[in-house]
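Colleague: sequence first, predicted model second:
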Amino acid sequence: MCAEPTIAELHPDLVERLSNPADAAVAASRWVEWRCPAGVETHRTWGAPAEHVASEKIYCGQCRAKAKFYSQHRPGDVIPARSSKAAAKIEEGAAAALAELMPTVGVRRLASIVLPPTSGYFSMYSITPDVILESLKVAIEIDGGDGSGRSRHDSPEGVADDETRDRLLSELGWRVLRVRHPNAAPICSSATVVRTKTSSSRVMAALVFDAVQTMGSASPTDDQAASYSTASSIKPYGGLAGSPE
């Protein structure tokens, strides 16, 4: 009985797509694992015989999902977060307080900003800041950490990730405002950094409010500025705006 041709013999052009190169020597009808045809290492492998792969009856599900996503959304779009990440109480409180201070800018939680398909940011299609001011295109990140090393934001890996996120958002025309503890690790990015020890969401919102006024090119419109001044004059935070504590 003749041996069945191997994958390498029948489909030499597919060998480089095998998850396990040794499978090139197995029969072409065998089910084996294949890598993403686009070469994306983070995509899952999938099983199929070589003839199905050669006929393109089998495709990478993650590539197909990515193509569908970008047929519906453009880079820079704001969309509902794909998953509801655990919300820290201080983030929710700061967002609520900012919505009182800045009622016309579209304060949103659990909203994601679509990244370009070539961003290479893991396998993610979007970034979800802690809070966004949609009409001003300001992304707010409330970073944990006090320099003790217990927080992700204090680790070299965490700082590098924060810097990458800031760069990607900046390239899309968003400005990033980070709230960090005075002892937290330094960060080298285009983000505006507000350093404070406060754990009060209302004080934090007041600090963010003040910082947004000075962020430059996308400063509030006259109508928005008037509404902010009115809200600020009420002093709902006991005059603590701008206080570092």
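Modeller: In hand now; what should we look at?

Colleague: any idea how far I113 is from D161?
Modeller: Counting by Cβ to Cβ, to the nearest Å, the separation of D161 from I113 is 16 Å. In this view, the C-beta of every residue, glycine as well, is placed from N, C-alpha and C.

Colleague: compare these two (neighbour count), which wins?
Modeller: Neighbour tally, D161 and I113, criterion other Cβ atoms under 10 Å: the higher count belongs to I113, 23 against 15.

Colleague: so that one: helix, strand or coil?
Modeller: Each residue gets one of three states, and I113 gets strand by DSSP: H, G, I helix; E, B strand; the rest coil.

Colleague: in the chain, where's the longest helix?
Modeller: helix 156-171 (DSSP state H).

Colleague: what residues does that helix touch?
Modeller: 113, 115-116, 119, 121, 127, 129, 139, 141, 143, 145, 151-153, 175-176, 178, 185-191 (Cβ atoms under 8 Å, 6 or more residues apart in numbering).

Colleague: and for stretch 191-200?
Modeller: Contacts to stretch 191-200, defined as Cβ under 8 Å, 6+ apart, come from residues 90, 141, 166, 175-182, 184, 187, 203-204, 207-208, 211, 215, 243-245.

Colleague: am I right that D23 is in a helix?
Modeller: Yes: with three-state DSSP as the criterion, D23 is located in a helix.

Colleague: for it, what are its contacts?
Modeller: Taking Cβ under 8 Å, 6+ apart, we find D23 in contact with 7, 30, 32-33.

Colleague: what is the nearest of those residues to A65?
Modeller: When these are compared for distance to A65 (Cβ to Cβ), E33 comes out closest, at 19.3 Å.

Colleague: right, and the closest one touches L18 too?
Modeller: Yes: judged on Cβ atoms under 8 Å, E33 makes contact with L18 at a distance of 7.4 Å.

Colleague: of the two, who's got more company?
Modeller: For E33 versus L18, the count of surrounding residues by other Cβ under 10 Å is larger for L18: 21 against 13.

Colleague: was I right to think that one contacts A25?
Modeller: No: using Cβ under 8 Å, L18 is not in contact with A25, being 10.3 Å away.

Colleague: now for those two: what residues contact both?
Modeller: In contact with both L18 and A25: I7, using Cβ under 8 Å, 6+ apart.

Colleague: which residue is nearest the centroid of the chain?
Modeller: Central residue of the chain (Cα atoms, centre = their mean): I127, 1.8 Å from the mean position.

Colleague: pretty sure it contacts S112?
Modeller: Yes: counting by Cβ under 8 Å, I127 touches S112, with 6.5 Å between them.

Colleague: residue ranges with poor pLDDT in the protein?
Modeller: 1-2, 83-88, 123, 145, 147, 216-245 (pLDDT under 70).

Colleague: where do the helices sit along it?
Modeller: Going by DSSP H, the chain shows helices at 7-10, 50-54, 61-72, 89-101, 156-171, 201-213, 222-233.

Colleague: elements contacting the third one?
Modeller: Yep, that's helix 61-72 we're talking about. The helices and strands touching helix 61-72, judged by 3 or more Cβ pairs under 8 Å, 6 or more residues apart in numbering; DSSP states H and E, number zero.
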